[in-house]
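Colleague: I would like to see how this sequence folds:
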Amino acid sequence: SHWAYDFIEIVAANGITDGCGPSIYCPDDQVTRAQVAVFLERSMRGGDFIPDPGLGNIFLDVPDSYWAAGWIELLYVDGITSGCGTNIYCPEDAVTREQVAVLLLRAKYGADYQPPAPVGVFNDVAPSSFFAPWIEQLAAEGITTGCGDDNYCPKDAVTRDQMAMFLVKTFELE
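Modeller: Here you go, the predicted model:
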């Protein structure tokens with residue numbers, strides 16, 4: 001009866017995630033920046049994909065021993081992320097709704113993709129915001145309708161149920 005049940009089942013069936021434990025998904029948990037790297041790379045490359053081990057030489061806060069180093073470094077090599085600051089990725093930070101808009105569209109269209117100029121779709125996203133064109137393009141493609149009351153909630157953390165919906169709609173997973 002969960003609103004995201006079908007989306008969660010689709011990402012699981014496609015091998016995008018095994019959940020957060022044996023037979024559980026943890027839909028209300030926040031998605032970390034490390035987890036989003038795995039979600040995006042598997043969505044782009046297929047659920048069976050496993051990257052080469054990370055070298056630990058791209059981000060100072062992602063050593064080669066970090067569990068998602070290979071995923072994070074590949075996301076960087078693919079041009080989808082440059083991290084969260086100078087030479088850092090912030091792997092344990094929650095990914096925000098504004099950040100995920102950029103990540104999803106770059107993953108879908110490539111590193112050079114630039115969305116159209118914003119026109120002011122959501123009350124809480126100023127057209128002057130760096131993230132506005134990305135957020136508005138997600139809405140234009142039917143990937144999001146926001147968080148209610150004509151808002152997008154750009155600074156909110158993405159939850160695992162929201163991530164499942166974003167992935168299914170962005171990559172047209174079945």
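Colleague: now F166: how far from W67?
Modeller: Relative to W67, F166 is positioned 22 Å away (C-beta to C-beta, to the nearest Å). Every C-beta, even on glycine, is put in place using the N, C-alpha and C of the backbone.
Colleague: neighbour count winner among these two?
Modeller: F166 (26 against 12; other C-beta atoms under 10 Å).
Colleague: how distant is the helix or strand the more buried one falls within from the center of its chain?
Modeller: In this assignment (DSSP states H and E), F166 forms part of helix 160-171. Distance, stretch centre to chain centre, for helix 160-171: 8 Å (C-alpha atoms, centre = their mean, to the nearest Å).
Colleague: thought Q30 was touching Q162?
Modeller: No. Judged on C-beta atoms under 8 Å, Q30 makes no contact with Q162 at a distance of 9.8 Å.
Colleague: could you check which of the two is surrounded by more residues?
Modeller: Under the criterion of other C-beta under 10 Å, the comparison of Q30 against Q162 puts Q162 first, with 22 against 17.
Colleague: P115 versus the more buried one, what's the distance?
Modeller: Note on Q162: its distance to P115, by C-beta to C-beta, is 20 Å.
Colleague: state the phi and psi torsions of the closest residue to G54 other than its chain neighbours.
Modeller: Sequence neighbours aside, A69 is the residue nearest to G54 in space, at 2.5 Å (criterion: C-beta to C-beta, 6 or more residues apart in numbering). Here the main-chain torsion angles of A69 (degrees, to the nearest 10) amount to phi -60, psi -50.
Colleague: was I right about A69 contacting G56?
Modeller: Yes. With contact taken as C-beta under 8 Å, A69 and G56 are classed as touching, separated by 6.1 Å.
Colleague: now the common contact residues for these two.
Modeller: Taking C-beta atoms under 8 Å, 6 or more residues apart in numbering as the contact rule, A69 and G56 both touch V62, P63.
Colleague: neighbour count winner among these two?
Modeller: Neighbours per residue (other C-beta under 10 Å) separate A69 from G56, with A69 holding more: 25 against 14.
Colleague: need the contact list for the more buried one.
Modeller: A69 neighbours (C-beta under 8 Å, 6+ apart): P53, G54, L55, G56, V62, P63.
Colleague: A139: which of those residues is nearest?
Modeller: Of all the contacts of A69, A139 sits closest to V62, with 31.6 Å by C-beta to C-beta.
Colleague: contacts only, for that closest one.
Modeller: V62 makes contact with G54, G56, A68, A69, I72, E73, Y89, P91 under the criterion C-beta under 8 Å, 6+ apart.
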